[in-house]
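*Asks:* sequence and computational prediction follow.
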There are 4 protein chains.
Amino acid sequence: MDEKDTSRLEAFSDGVFAVAITLLILNVTFKYTDPHGVQLLDTEIWSKGIVSQWPQLFAFVTSFFTIGVMWLNHHRLFKLIRRTDTVLLILNILLLMVIVFIPVPTSLLAEYLNFPQYHVAALIYCGAFLLMTIFYNFLWRYAAYKGRLLGHNVNQLAVAGINRQYLAGPLVYLVAFGLAGINTLICVIFCFVLAIFFAIPGHELKTILLRRSPSTPEIGVGISDKWHEQ
Amino acid sequence: MDEKDTSRLEAFSDGVFAVAITLLILNVTFKYTDPHGVQLLDTEIWSKGIVSQWPQLFAFVTSFFTIGVMWLNHHRLFKLIRRTDTVLLILNILLLMVIVFIPVPTSLLAEYLNFPQYHVAALIYCGAFLLMTIFYNFLWRYAAYKGRLLGHNVNQLAVAGINRQYLAGPLVYLVAFGLAGINTLICVIFCFVLAIFFAIPGHELKTILLRRSPSTPEIGVGISDKWHEQ
Amino acid sequence: MDEKDTSRLEAFSDGVFAVAITLLILNVTFKYTDPHGVQLLDTEIWSKGIVSQWPQLFAFVTSFFTIGVMWLNHHRLFKLIRRTDTVLLILNILLLMVIVFIPVPTSLLAEYLNFPQYHVAALIYCGAFLLMTIFYNFLWRYAAYKGRLLGHNVNQLAVAGINRQYLAGPLVYLVAFGLAGINTLICVIFCFVLAIFFAIPGHELKTILLRRSPSTPEIGVGISDKWHEQ
Amino acid sequence: MDEKDTSRLEAFSDGVFAVAITLLILNVTFKYTDPHGVQLLDTEIWSKGIVSQWPQLFAFVTSFFTIGVMWLNHHRLFKLIRRTDTVLLILNILLLMVIVFIPVPTSLLAEYLNFPQYHVAALIYCGAFLLMTIFYNFLWRYAAYKGRLLGHNVNQLAVAGINRQYLAGPLVYLVAFGLAGINTLICVIFCFVLAIFFAIPGHELKTILLRRSPSTPEIGVGISDKWHEQ
């Protein structure tokens, strides 16, 4: 009656997230030759081959962590969304398109992290994340509108928590957008902090995910039948 | 008695679709150097590094959306197909081969989107999609012939809806093929529209997928036992 | 009591097969410039950009079909293998290593398909497939030895069918190895035929997979309980 | 009551492991031209095109086997870990980040395997594995602390076995780190041996995984209900 109809959607999305997050590593290379193609000496590898690549590594870590957290959010949404329709499937494809796109601005950003007076690469990087939060809002608000595709007994506190957190999403990335105009490095550090913000669920959602205190009677009823199916 | 025997086929197909759709991004790069290898200035990045790459982005979006919708169709078919045999498995491998091939004509198309008087790249691009719809027809018609591999109580309206939509598939891509001979850009826009056409299921199928009106007694009986298993 | 313990092994293997089979496409490129870097004219694209790449396409199709069929065989084995142990997991990792390696000899082969008097590339290509069948034998024979990791009521006819087909595996690829010394093209065509050979299960296995004749009382008993779990 | 809440976490992790392990092959290429771009003759392919690439192949095999065994360990941990919380999900993302990073030091190592008097590449390679074992310890010890996220009736012998083996993890990779300072080749061979060490579970864990002796009454009770769910 309230059966889960989203398993293959989740499997496909997991696959796309997993490939996209792993392709980020293709932007990271350690150098083993100098600009003239001569192989680096043992004493040069660390400084010229590895430390010099810190912008690539820093951009990789920030984007990897952000996509990872976005997978986490996808995971959370589809604990609440229990049915699909054509519009939801299309909105999910569009969201995945933005996720798959992330390695491209990440690669550009890495080239300009050494130039703090340059701003365009960081603006595009933040712009991609801003777009991502907007598509997350489309997906969630379409599914949650009047509980359209949610479970019948879904936890309303969790829904309200996501509503609030996702409303804040585009706004905080607009701040990152502004920071990109000031200093590229500060902007990327801020993006990293934002990923942590989205990793932490709202209070009610947190209660569901942690499930460590057995004494949560106010949400126990609506949720219990869902947990048994997963 | 009518158990689902296609779960690992679907898992493997989901994986191939997910990797193929993500590899499309490898064709998209933002430039950070001019043709002489000098790094672009902050004022040049937007126009010379990003806007100039619009053909890659446009080809990426069209192919991503098309493969995404084709995954959606695979998903729909295997809600009805419930058993496998060797021929079906081979037809599925051949279909996946065409899906995996899509990034190659996409990459070629991107190189020629700036040359509206050139037609061959667009013809090959449409030809790949035409081949894809033909293989979808092979897969579906083999499985649906006399209900060979479908569930015993499968919804006949859904089957008829797919029959009609898939018959139209090669025909509409033949039209795209013709448009490629006239104007590359119009042809690619038409391909995008076709993806939306295949995203929307036929009337009966739509009723199944949306499942928003509880009062659909004419299909309720045959379908009900299937939903409970998924 | 005879529960299935291989689901995550299968999920991981499906993932590796899916990525490896899709990476084959990275060896296929259509050309859009001539050797001097000048973009090809519309009249040149078909002959100089696409038809000239037939070795890449032919090698891609052969390897894709072979890996696809090998996935099929993995699928079949793990319908019979129902438990894992450390040795099986390690043998499976070694088998996957050979699968992942296939794109490398495929790429080399594509470079030498135009040189029928050259044999080494084809020898290495067949050698990789030979190695693959040997590892399949290791995996299967370890699991099937005295029914070690098979289900308790496993169909003995299916086991015997795989035993025979897998014994033939290395032998027929040795023939391919010999053909590589005569003519590269004939050898690759033979590899394609071999993939079809491995796609078709032995008589008893075929009966299981097709399951189209409800009157198969001789295998019905041992198999029935397994089908209901999947 | 003690239901499994980690299925989608495992699916995503399987995907990332599968893609990362497969991307290792991108570092392996057989040569078909000499340094001047002239295609190799049939007599030269074996020695100049393939045998000369042994460092790439050796680094590939070592890293593939290590990542494969690390997947195996992830698999084992999540047979015991049955619930997730935000911290665990973040620790898992960080662990996956290190896994995805492995191809980069592998590629660097391959360039320096021919230079036994060079040590930095091997130090970085071992350093990446050291980091990996440290993150495995973080993940496991967070989940296992006071049985926080483990099943209620989890086998305490298995937990103790992992505790001991994982404590040894960073220590043995520190030894590899030291060997890197002596001889690169010996160090990589030692890394291969370490992968075998981590492939073999501790005594108690081994009993669980093999499950070949039906007479294991001391662990039978706590484990039985878990096996039936998988």
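*Replies:* Nice, thanks for sending it over. Numbers count the residues shown, from 1 in each chain, chains lettered A, B, ... in the order given.
*Asks:* for stretch A:176-196, buried residues please.
*Replies:* Within stretch A:176-196, the residues that count as buried by 16 or more other Cβ atoms under 10 Å in any protein chain shown are A:Ala176, A:Phe177, A:Leu179, A:Ala180, A:Thr184, A:Cys187, A:Val188, A:Phe190, A:Cys191, A:Leu194, A:Ala195. Backbone N, C-alpha and C define where each C-beta goes, glycine included.
*Asks:* show me which of these is closest to B:Val61.
*Replies:* Of all these, B:Val61 sits closest to A:Phe177, with 22.3 Å by Cβ to Cβ.
*Asks:* same for whichever strand or helix holds the closest one, what does it pack against?
*Replies:* According to DSSP states H and E, A:Phe177 maps onto helix A:156-180. Here helix A:156-180 touches helix A:54-80, helix A:120-144, helix A:184-199, helix A:203-210, helix A:217-229, going by 3 or more Cβ pairs under 8 Å, 6 or more residues apart in numbering or on different chains; DSSP states H and E.
*Asks:* quick check: mean pLDDT across the last one?
*Replies:* Helix A:217-229 shows an average pLDDT of 36 in the prediction.
*Asks:* next: the shortest one.
*Replies:* For helix A:203-210, the per-residue pLDDT values average out at 48.
*Asks:* the first one now?
*Replies:* In this model, helix A:54-80 carries a mean pLDDT of 92.
*Asks:* quick one: low-confidence parts of chain A?
*Replies:* By pLDDT under 70, the low-scoring segments of chain A are A:1-4, A:202-230.
*Asks:* residues from it in reach of chain C?
*Replies:* Residues of chain A lying near chain C by Cβ under 8 Å from any Cβ of the partner chain: A:Gly15, A:Ala18, A:Val19.
*Asks:* about what we covered before: want to throw the helices and strands packed on helix A:156-180 into a markdown table with distance to B:Leu80?
*Replies:* A markdown table is the format used below for the helices and strands packed on helix A:156-180 (distance: least, Cβ to Cβ, whole Å):
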| stretch | distance to B:Leu80 |
| --- | --- |
| helix A:54-80 | 23 |
| helix A:120-144 | 25 |
| helix A:184-199 | 38 |
| helix A:203-210 | 35 |
| helix A:217-229 | 23 |
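*Asks:* so which of these is nearest B:Arg82?
*Replies:* Nearest to B:Arg82, of all the helices and strands packed on helix A:156-180, is helix A:217-229, at 20.9 Å by Cβ to Cβ.
*Asks:* what's the closest non-adjacent residue to the closest residue to chain D within chain A?
*Replies:* Nearest to chain D, among the residues of chain A, is A:Ala18, at 2.9 Å (Cβ to the nearest Cβ). In this structure, A:Ala18 finds its nearest non-sequential neighbour in D:Gly15, 2.9 Å apart by Cβ to Cβ, 6 or more residues apart in numbering or on different chains.
*Asks:* next, count neighbours for the one you found.
*Replies:* 31 (other Cβ atoms under 10 Å in any protein chain shown).
*Asks:* gap between A:Ser63 and A:Leu57?
*Replies:* 11 Å (Cβ to Cβ, to the nearest Å).
*Asks:* one more: A:Ile189?
*Replies:* 14 Å.
*Asks:* now do A:Thr184
*Replies:* Per Cβ to Cβ, A:Thr184 is found 15 Å from A:Leu57.
*Asks:* likewise for A:Lys79?
*Replies:* Taken as Cβ to Cβ, the span from A:Lys79 to A:Leu57 is 33 Å.
*Asks:* next one: phi and psi at the residue of chain A found nearest chain B?
*Replies:* Residue nearest to chain B within chain A: A:Gly15 (2.9 Å; Cβ to the nearest Cβ). Main-chain dihedrals, A:Gly15, degrees, to the nearest 10: phi -60, psi -50.
*Asks:* which residues touch it?
*Replies:* B:Asp14, B:Gly15, B:Phe17, B:Ala18, B:Val19, C:Gly15, C:Ala18, D:Gly15 (Cβ atoms under 8 Å, 6 or more residues apart in numbering or on different chains).
*Asks:* measure the residue nearest in space to the middle of chain A to A:Leu167 for me?
*Replies:* Among the residues of chain A, the one closest to the centroid is A:Met70, at 2.4 Å (Cα atoms, centre = their mean). Per Cβ to Cβ, A:Met70 is found 17 Å from A:Leu167.
*Asks:* what about A:Val28, how many neighbours?
*Replies:* By other Cβ under 10 Å, 21 other residues sit near A:Val28.
*Asks:* just checking, it touches A:Ile50?
*Replies:* No. Applying Cβ atoms under 8 Å as the test, A:Val28 and A:Ile50 come out as separate, 10.5 Å apart.
*Asks:* burial count for A:Val51?
*Replies:* For A:Val51, the count of nearby residues is 10 (other Cβ under 10 Å).
*Asks:* do you know how far it is from C:Ile50?
*Replies:* Applying Cβ to Cβ to A:Val51 and C:Ile50 gives a distance of 45 Å.
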